[in-house]
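Peer 1: generate coordinates for the sequence data below:
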Amino acid sequence: MISRIAQQGDGEAALADGTRVFVPLTLPGDEVRVQPGAKRGDGLAGTVLEWIHRKDRREPVCDVYGACGGCQLQHLLTEDYVTWKTGAVTTALSRHGLSVDLAPMQQVPLNARRRATLAFVMTAAGPMLGFKEAYSDRIVGMDSCPLLAPPLAALWVPLREFCGRIFQSPFRADLRVTTTGAGSVDIVIEADAELDLARREAIAAFAEARDVARVSWQRPGEPPEPVVQRKPVLLNIGKAEIELPMGGFVQPSTEGETILQALVSQGVGDARRVADLYCGIGTFAFVLSSDRRHVLAVDDNAAQIAALDRAAGRAGLGGYIDTAVRDLRASPLEPKAFADMDAVIFDPPRAGAKAQAEMLADSTVPRIVAVSCNPATLARDLRILTDGGYRIECLTPVDQFPMSYHVEAVAVLSRPG
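Peer 2: Next comes the predicted model:
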């Protein structure tokens, strides 16, 4: 019998000897006969051989659910889905000795995803575009994805046909696609192949026919090279209009970004001087500076900082935003850097902000807002801060990645006076 949904969205059961078995697409209470397989984490992968009893479940919104590795939770009923997502956060916290009453989870609609990495393969039977299977490099072909924002969903079939014209079997490529609120579509083709004249001409023709703003080409281990740019790739944040650099990071959805911005703005309160660490292209910096707050924006990506600087100047916010290019993992800001700050925001990659959290724990900054797409590293960083004397005021899960096991969260901390 399946006892629970494990950390990566698979049902979990125990064999007679206590070995954990992870079984996709199952629910607590399901009774199944399984074939144990390869080692997975501290247990084994399991494949259902026979369903003995199936609990009530939701109909998937996608006809390749179960084959595609992008989603793990489409079969959960709505109440169970919310309970599991919030439970993923509380479980991560408890592993570090933290107990927090969570605010209600903020949710993002399904068809809102504005960036994705698509997998392409040219087979003997024709072109295939999709996502990879879970725990595999095998590509699952499909005609679209219900999670994508409409501009990307509409581009799926034309993009597959286009790739079929420029690549020969058995060629593979990754396509990083992004759409912005300003209507621009940006594509980066990552392929281990020569960008010859024929491919350049085909890319230019495709961009013109499909009104794609920019297409870039990237060989593995090399920076992207622009092939065609018909117009700027523009993104609006606060009062600023940012020109997105090639391969630049944006939040997964406009709706999710708006939720995070509101939570961060509430979290910093009336702070007038704010440090925005791992700032990216200014997701929070532009919202805060639009209220005439002074922001120090720090990131290790020089291209994104340059785009932020240019956008701040055009928006008349240059006097409110200072920037710095710095690898905060290798060289975190020391406590004295925050002596004049009223609040600090950090929104690191999945690895978290351990080194920077250790410095912040020794600082006197009154308020900290921690944003994270990984509950495990967030919990670790929050433990560092609470050990340094900070108190967690509130923590809000955000369902930035619907139907997957991933969950974002925003924590607000204060240092008692």
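Peer 1: next, count neighbours for N236.
Peer 2: Residues lying near N236 (other Cβ atoms under 10 Å) number 14. Placement of C-beta: from N, CA and C, glycine included.
Peer 1: show me what it bridges to in the sheet.
Peer 2: E241 (DSSP bridges).
Peer 1: show me where the stretch 101-250 of the chain dips below the pLDDT cut-off.
Peer 2: Along the stretch 101-250 of the chain, segments meeting pLDDT under 70 span 182.
Peer 1: got the end-to-end distance for stretch 339-355?
Peer 2: End-to-end span of stretch 339-355 (Cα to Cα, to the nearest Å): 18 Å.
Peer 1: how far does that stretch sit from the chain's center?
Peer 2: With Cα atoms, centre = their mean, to the nearest Å as the basis, stretch 339-355 stands 17 Å off its chain's centre.
Peer 1: and V295, how far from D381?
Peer 2: 21 Å (Cβ to Cβ, to the nearest Å).
Peer 1: scratch that, L110 is what I was asking about
Peer 2: 30 Å.
Peer 1: more neighbours, those two?
Peer 2: Comparing L110 with D381 by neighbour count (other Cβ under 10 Å), the higher total belongs to D381, at 27 against 16.
Peer 1: just the helices in the stretch 51-200 of the chain please.
Peer 2: Assigned by DSSP state H, counting those that start in this stretch, the helices in the stretch 51-200 of the chain fall at 78-94, 150-166, 197-210.
Peer 1: show me where the stretch 301-417 of the chain has strands.
Peer 2: 321-325, 343-346, 367-372, 391-399, 408-414 (DSSP state E, counting those that start in this stretch).
Peer 1: in JSON lines: those, plus mean pLDDT and distance to G221.
Peer 2: Conversion of the strands of the stretch 301-417 of the chain to JSON lines gives the following (pLDDT from 0 to 100; distance: least, Cβ to Cβ, whole Å):
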{"stretch": "strand 321-325", "mean pLDDT": "98", "distance to G221": "22"}
{"stretch": "strand 343-346", "mean pLDDT": "99", "distance to G221": "29"}
{"stretch": "strand 367-372", "mean pLDDT": "99", "distance to G221": "28"}
{"stretch": "strand 391-399", "mean pLDDT": "99", "distance to G221": "33"}
{"stretch": "strand 408-414", "mean pLDDT": "99", "distance to G221": "29"}
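Peer 1: out of those, the one nearest A207 is which?
Peer 2: Closest to A207 of these, according to Cβ to Cβ: strand 321-325, at 30.8 Å.
Peer 1: ok, residues contacting the closest one?
Peer 2: Here strand 321-325 makes contact (Cβ atoms under 8 Å, 6 or more residues apart in numbering) with 279, 282, 285-286, 289, 294-302, 305, 308-309, 312.
Peer 1: what about the spatially closest residue to A213 that is not a sequence neighbour, neighbour count?
Peer 2: Spatially, and ignoring its direct neighbours in sequence, A213 is nearest to S184 (4.0 Å; Cβ to Cβ, 6 or more residues apart in numbering). Burial measure for S184: 21 neighbouring residues, criterion other Cβ under 10 Å.
Peer 1: kindly report the same for the one 4 residues further on.
Peer 2: The burial count assigned to V188 is 22, neighbours taken as other Cβ under 10 Å.
Peer 1: what bridges to it?
Peer 2: R176, S216.
Peer 1: and it, what does it touch?
Peer 2: V188 sits in contact with L175, R176, V215, S216, W217, Q218, P224, M246, G247, where contact means Cβ under 8 Å, 6+ apart.
Peer 1: so what's the most centrally placed residue in the chain closest to, chain neighbours aside?
Peer 2: The centre of the chain sits closest to P252, judged by Cα atoms, centre = their mean, with a distance of 5.7 Å. Once flanking residues are discounted, P252 sits nearest to Q400: 5.3 Å by Cβ to Cβ, 6+ apart.
Peer 1: that neighbour against G256, yeah?
Peer 2: Yes: contact criterion Cβ atoms under 8 Å: Q400 and G256 qualify, at 4.3 Å.
Peer 1: so for these two, which residues contact both of them?
Peer 2: V108, E408.
Peer 1: circling back to that earlier point, quick check: the residue nearest to A213 vs S216, distance?
Peer 2: 13 Å.
Peer 1: before we move on, what about P151?
Peer 2: On the measure of Cβ to Cβ, P151 and S216 end up 18 Å apart.
Peer 1: which of the contacts of strand 321-325 are buried? Put it as a PyMOL command.
Peer 2: In PyMOL syntax, the buried subset of the contacts of strand 321-325 is picked out as below (16 or more other Cβ atoms under 10 Å):
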select buried, resi 279+282+285+286+289+294+295+296+297+298+299+300+301+305+308+309+312
